[in-house]
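>>> sharing a model that was predicted from the sequence below.
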Amino acid sequence: MFDNLSDRLNSVFKNLKGHGRLDEENIRAGLREVRLALLEADVNYKVVKEFTSRIKDRALGQDVLQSLTPGQQVIKIVNEELTELLGGESQGLNLRAKPPAIIMLVGLQGSGKTTTAAKLALHLRRENKMSPYLVPADVYRPAAIDQLHSLGDQLDMPVYPSSSDMNPVNICLDAVKEAREQQYDVVLLDTAGRLHIDEVLMQELANIKSECAPQEILFVADAMTGQDAVNVAERFNELLDISGAVLTKMEGDARGGAALSIKHITDKPIKFIGTGEKLSDLEIFHPDRVASRILGMGDVLTLIEKAQSSIDEKEAEDLEKKFKKSQFDLEDFRTQMRRLKKLGSLEGLMKMIPGMGKMKDQLKNVKMPEKELARVEAIINSMTKQERREPKLINAGRKQRISAGSGTTVQEVNQLLKNFEQMQKMMKGMVAQQSGGGAAKATKAVGGGSQKKLRQQRKKAQQKNRAKKKKKK
């Protein structure tokens, strides 16, 4: 999302680093470029003015001008100020009230409220071990009610049975009462939206707030709308006193102005961001991590969290046992590929690795293997369960059937089987190396020797042991 802004800022910092010493003129020229980069990213002009003013005051201090690495000092200042602009530190939901806690989602039509309600429910069930209750209160768009019921079915979550002829305030009140009786932990109210703010809508939302007293009122905004999302957020905050914001479609090519402006304009934090179309694509908003991404410094913590969330501990143990017994088959291989895809696009993951974001130009001609992985999975899916477990069964006739079923060629099927066979051999070698731990240490101690020398050393050691035993007898 912040690609253009990242490119511009990195260009500015490169120029600053090029100067052995910095003076006021260098810094002012650099800040002029930073200002233009932020304005191009659709950041509110008042925010840009205050942001660059703070950086200027700090950058012109003697600590920076007299530093041996002034360019790096300026980058450090920009990183700290950018983190502060985005909210300083992540803020969670206030759900400490007596159950059920109530979360009210508000925003304009098309901002992604209904999908966000389902994503947030899944997040609360996974991370907070809570039992959510979804409430469709948008009676003006019948499809919204159907959509939330459909999402509830996908997640196997209860949804309040509202209909378009009911009063939204009564829906919310009755749903909260129902949730209390059924002992649900949290209620998510999916309220109505409009194409633009009007008095009727705002009065209805104010009534729901007054009657239900939600602990959280989250403003849901489409990050693609840029400055307009900030103006709407400001209006909702004035009328409802929102507790935070959720930015959707952050995976798109929006310039990032909304994310960089909302906190400063409303003084309310961004709490979550939607990063994709899947119901699991919702992340807690971490200002420091986003600032690091913008400046091309990567985001290792988020990368680790993504990996941990996709790894099942029991599955990992079972897989390790299969490795040791050399029983890793094509079914296991397919499972690992699917887990890799859950982490997101490889291009997105690479941006989280420090330094990789700056190599975008060098990597632009490199073909990302997502399509290749999809082709490999299609081939494996076209095999029978027995063939996936015993690839040696696949003869010429079976290869023809598999290639026809997967829309690939026999050569591609052959290539996959050949690659998998090589991988199995490599795994067997790794397991053998690990199981001979003492031998490996011996090899290391003598600076690494051949397998033949290793066997000779092991044989001598065994002979010595036998000789000792004979002497004892």
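Yep, that arrived. Residues are numbered from 1 along each chain as shown.

>>> tell me the mean pLDDT for stretch 379-391?
Regarding stretch 379-391, the rounded mean pLDDT is 90.

>>> list the buried residues in it.
Residues of stretch 379-391 classed as buried by neighbour count (16 or more other C-beta atoms under 10 Å): 379-380, 382-383, 387-388, 391. (Glycine included, C-beta is placed from N, CA and C.)

>>> got a list of contacts for that stretch?
The contact list for stretch 379-391 (C-beta atoms under 8 Å, 6 or more residues apart in numbering) reads 329-331, 333-334, 393-394, 398, 401-403, 405-406, 408, 412-413, 416-417, 420-421.

>>> Leu9 contacts Arg35, correct?
No: counting by C-beta atoms under 8 Å, Leu9 stays clear of Arg35, with 11.2 Å between them.

>>> just give the nearest non-adjacent residue to Gln109, would you?
Gly193 (3.7 Å; C-beta to C-beta, 6 or more residues apart in numbering).

>>> what are the phi and psi angles of the one you found?
Dihedral angles of Gly193 (phi, psi; degrees, to the nearest 10) stand at phi -130, psi 170.

>>> and stretch 238-248, what's buried?
For stretch 238-248, the neighbour count (16+ other C-beta under 10 Å) marks 239-240, 242-248 as buried.

>>> which of those fall in strands?
If you go by DSSP state E, the buried residues of stretch 238-248 have 244-248 in strands.

>>> contacts for stretch 150-158?
By C-beta under 8 Å, 6+ apart, the list of residues contacting stretch 150-158 from outside reads 114-115, 117-118, 121-122, 125, 132-134, 159, 182, 184, 279.

>>> swap in 6 Å and give it another go.
Residues outside stretch 150-158 that contact it (C-beta atoms under 6 Å, 6 or more residues apart in numbering): 118, 121-122, 133-134, 159.

>>> and of those, the nearest to Gln203?
Comparing the contacts of stretch 150-158 against Gln203 with C-beta to C-beta picks out Leu134 as the nearest, at 24.1 Å.

>>> and the nearest residue to that closest one once chain neighbours are set aside, how many neighbours?
Among residues not flanking Leu134 along the chain, Val159 sits closest, at 4.5 Å (C-beta to C-beta, 6+ apart). Number of residues near Val159 (other C-beta atoms under 10 Å) recorded here: 24.

>>> what segments of the stretch 1-150 of the chain are strands?
Taking DSSP state E, counting those that start in this stretch as the criterion, the stretch 1-150 of the chain carries its strands at 101-106, 132-136.

>>> so of those, which one's packed in deepest?
strand 132-136 (a mean of 28; mean count of other C-beta atoms under 10 Å).

>>> gap between the closest residue to Ile284 other than its chain neighbours and Ile103?
Closest residue to Ile284 apart from its sequence neighbours, by C-beta to C-beta, 6+ apart: Ser90 at 5.6 Å. According to C-beta to C-beta, to the nearest Å, Ser90 and Ile103 sit 17 Å apart.

>>> circling back to that earlier point, please work out how many residues are found near the residue nearest to Ile284.
18.

>>> pLDDT weak spots in the stretch 301-450 of the chain?
301-327, 339-371, 427-450 (pLDDT under 70).

>>> show me how this protein divides into domains.
Annotated domains of the chain cover 3-85, 101-297, 309-433 [automatic domain parsing].

>>> which one of those is the most hemmed in?
Buried most deeply of those, by mean count of other C-beta under 10 Å, is domain 101-297, with a mean of 20.

>>> quick check: which element contains the nearest residue to Met250 once chain neighbours are set aside?
Leaving aside its chain neighbours, Met250 sits nearest to Ile273 (4.5 Å; criterion: C-beta to C-beta, 6+ apart). Element membership for Ile273 (DSSP states H and E) is strand 270-274.

>>> name the nearest residue to Ser11, sequence neighbours excluded.
Glu33 (7.4 Å).

>>> the one you found against Val12, yeah?
Yes: at 4.5 Å, Glu33 counts as touching Val12 under the criterion of C-beta atoms under 6 Å.

>>> could you list every helix and strand in contact with the strand holding Ile273?
Where contact means 3 or more C-beta pairs under 6 Å, 6 or more residues apart in numbering; DSSP states H and E, strand 270-274 is packed against strand 244-248, strand 282-284.

>>> let's have those strands in a markdown table, adding distance to Glu40.
As requested, the helices and strands packed on strand 270-274 are arranged in a markdown table below (distance: least, C-beta to C-beta, whole Å):
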| stretch | distance to Glu40 |
| --- | --- |
| strand 244-248 | 19 |
| strand 282-284 | 25 |
